[in-house]
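Chemist: sequence-free structure coming up:
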């Protein structure tokens, strides 16, 4: 019912405002992509992370639910060996650094730097997959050995699925940097993939704590 | 318009991408001129679907996808309705032998599963996909290929489920498949596997569309359509989509855990090995209760879209309704245990859920009162859409009030799992969702097809359906109180349940007649009516009525700029439209989230066949994994390849888009 | 299976408390519904009619809007108050349910199976315990405390005229307290879908005066009656030698399996197969021969036997009062 006065927010420094021409708003000079929340991919990514975050969160809840009703915990097998899990923790936290550099390079739209750091990220990714493989061998319980084994394997499995798909995404994006022409929105995709990588790192922290210490305390 | 006045009037200097200047050889056509201009013709060409089978399979325009969802959903609803009719007739007499116990168990499981997963949620999402971009003034949704893939997943999932049913492998443990009945020991054969698979499909589909709609609503609104100026149907779609993102992962997770129990020998739900049968109920109902709100809240959005048009005034209490929608969305996550009151959970905990279940009545009541206030202060146009809204009031209120009864722990202990619940759920679903759905169909039919449905047949449809629904489902309340439990394929004559069951079956026949009239109305109008509808046959106020019926392929030849909640009713503002977007690639405008200030241009993903191929490959994976455990792993390779090819940049498209690129 | 099975015909304090709650909620809901529909009807009647081309009313109308706002606020306030009242009614009913005095209760262990009810009376007193199936007798006026367990899938015990239901969940134990204050036969049925023959998993609670109940209890505790006639003796021999003894128990005979209903006093029950078929001599013989005919999918396999043999078995079982 009639426009009210709306407090106008300052356009962000990198944006180009639309131009009024008569009764039209001319947007031809506007950029065709933006980073972070200015890109639609960011929102899609946020949705994806929410979905997976909810799934992970509830898997952790299920762990404690089953632990709560168990008379003895673990009800089969024993707590996982700490070695590979902690190595994983160290490597995955370390992987945040090349990830950060790749994201910055993407935001600066520097193709050569992006390529370099994506290669480093890919190397970290391969290393993490290898460590993850060894972790599974050192869980000290089978997935069909009681509720404890089931929930530990699924927790590890969910995170591993995310890890592997993100590593594959990183490979693909590295390859895409060679496909001409490199559009601006590819840099946004790379920046968003780096954002997703932070998610993979962050979700490992509670899962590591639960899997490796849930049966020890 | 305030926002336009506050913007600077000359462009700041900026770098120009070198590629754009190199293509002066091709004239860059921009939109913004009127309907007959060269740019407009080019726009329609750009937004056209590619021809042939490949074009059909690659289409990703929101109107195409939305319509596919709605049509497919109604086909599934028809099939499920036939199942419902069969059940009513089996139960119309005592000791009936119309169908046997095994087929009956599959019937009610398929009826519920189809209606809930393959009809109710997809039809609402389909409407949102079609209407929301038109209502917010944009040309497509944010992730059109994702929604296209979602449609194919939906179709394949439904076909697989019905294929299983046709081969006597339909799920038979009810639409919520409790374990241990659906678990590895008692869920014999592949029936429960198909149910779990169907859940995976429909939740993946629902999540993809929800992310698409959320992003679309937050980032693609017309300039000037601040959150406060956004229509109520768009709010309802936003609340629903956000709820879906938080609730659907649960059931997908749970169904997969049951599959792991069934196929890999895990023990999540096996009490003998540390698992818990009740865990499934928690997982399912944490999703299941919000799920009914995924169906109900969009319907409330329909009602909020229709009442102002037929009361010839803006909605009373617009802000209150927005807050009510958001509150309902939040509260719906705190009710799930009311489906588990008969279990041995602690009593104090259960009482909390009674309080929450009662509380959620308040925001719903707020909306109802605001609607009645709008009607009381309006001038009424008594056409079919409005009639269905009135029917909604009557039937939904009864359903909501029996819901309050069911929300009380002690009372629920009597009526839980009886026909009282069956009566309640049909009243809220039919009254709260299907009546508004029919209202929305009659309302937006002229926009989608360019023709008006017959008013006379519409009114007959309404009255028959209204009488039929009440006659079919009201007696079921009494049957529940007379001791008739749910999900029984027959009963003895000594129970005395025959009379009311027979009455209910008669009501079902009346429903069928009403639905038949609706089908006749549709066919007559689509194939035999010549008169075209205008752009705005109802004199409505929202943006979708500003374009032709049916809408142009590009929706708007120039994106609108709005300054009020009913842009078509408010006097024209100083700035009316956007110009400068490409007419040669599929381009739209993103705006800021809260104040809808122009932010960037956005190149919508062009139509491609990969979403279809990806959905097909996911089908291969899921079906393979039902029969083979290694298939669960190897079967991931086709989808991985398909998604890779989907993502890989299309050189031709990339070259075109780079012409239009502008750096931030 | 015959018996009273009506939420609105309470025969004990649990069902009575719920009956009162039902009435209170029904009245409240009908009033709310009637009021709202009346307001809607008045609004529809009084609002002027218009057409699609009528110009929409965009004026402010502050007084009318203020009146409407007041009405809505009152409506919400009234609804909230009513909801709080109903919430208290619900809590009080809940309290009443858990306040049933349990002194001198009859203890029953009820195990739910696909598709029958296994009952053990006084399971903690070896000198008083006995087993039966599908038909429970209880003394009028004394509380009954039923411990509920499930053997396979989730079931639910529901006897509407005596009280609300409670689920039987594998791996979990729950209890249900009931009391019948009037003599009579009260029918119940499994109320959680448990598979193929969920529809035919009924049970009956016979409430009798204490003296009759004691007589019934004493009879149930006794071992099976000795066969009196030659036919009955032949029947017993057949029961012990054919597949019957692989699943059923008859105390005092060589049939000692516990995978199916206890038949020691089967003739004292009105129905067979958890309400599938009446316990008459002919139907009993037919049930033994082909239970699947009455209850397809039940776990009892068919028995190939000559009509004479079937009659003998039926006669013997019919003597087990």
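Modeler: Perfect, thanks for sending it. Values in this document were obtained by computation on a predicted structure and should not be read as measured data.

Chemist: the one residue in the stretch 1-150 of chain C that gets nearest to chain A: how many residues sit nearby?
Modeler: Across the stretch 1-150 of chain C, no residue is closer to chain A than residue C:58, which sits at 5.9 Å (CB to the nearest CB). Every C-beta, even on glycine, is put in place using the N, C-alpha and C of the backbone. Residues near residue C:58, counting by other CB atoms under 10 Å in any protein chain shown, number 17.

Chemist: which residue packs closest to residue 173, ignoring adjacent ones?
Modeler: Answering for chain A, as no chain was given. Of all residues not flanking residue A:173 in the chain, residue A:190 sits nearest, at 5.3 Å (CB to CB, 6 or more residues apart in numbering or on different chains).

Chemist: try chain C instead
Modeler: Residue C:173 sits nearest to residue C:149 (CB to CB, 6+ apart), 5.7 Å away.

Chemist: so what's the predicted local confidence for residue B:632?
Modeler: Residue B:632 is assigned a pLDDT of 87 by the prediction.

Chemist: ok, it touching residue B:625?
Modeler: Yes - the pair residue B:632 / residue B:625 is scored as a contact, 3.9 Å apart, by CB atoms under 8 Å.

Chemist: do the helix or strand where residue B:248 lies and chain A meet at all?
Modeler: Assessed by DSSP states H and E, residue B:248 sits inside helix B:232-264. Yes - using CB under 8 Å from any CB of the partner chain, we find that helix B:232-264 touches chain A at B:245, B:246, B:248, B:249, B:250, B:252, B:253, B:257, B:260, B:261, B:264.

Chemist: list the buried ones in that helix?
Modeler: Going by neighbour count (16 or more other CB atoms under 10 Å in any protein chain shown), the buried part of helix B:232-264 is B:232-263.

Chemist: and the next element down the chain from that helix?
Modeler: With DSSP H and E, the next secondary element past helix B:232-264 is helix B:277-311.

Chemist: dead centre of chain B: give me the residue that sits there.
Modeler: Residue closest to the average C-alpha location in chain B (CA atoms, centre = their mean): residue B:124, at 2.3 Å.

Chemist: so where does residue C:236 fall, helix or strand?
Modeler: Applying DSSP H and E, one finds residue C:236 within helix C:230-241.

Chemist: who touches that helix?
Modeler: Among residues not part of helix C:230-241, those counted as contacts by CB atoms under 8 Å, 6 or more residues apart in numbering or on different chains are C:227, C:244-245, C:248, C:250, C:253-255, C:305, C:309, C:311-317, C:319.

Chemist: any bit of the helix or strand hosting residue B:658 sitting next to chain A?
Modeler: Taking DSSP H and E as the definition, residue B:658 sits inside helix B:651-659. Yes - for helix B:651-659, a contact with chain A is found by CB under 8 Å from any CB, at B:651, B:654, B:655, B:657, B:658.

Chemist: mind checking how far the residue lying closest to residue B:371 once chain neighbours are set aside is from chain C?
Modeler: Using CB to CB, 6+ apart and skipping residues adjacent in sequence, the residue nearest residue B:371 is residue B:307, 5.5 Å away. According to CB to the nearest CB, to the nearest Å, residue B:307 and chain C sit 11 Å apart.
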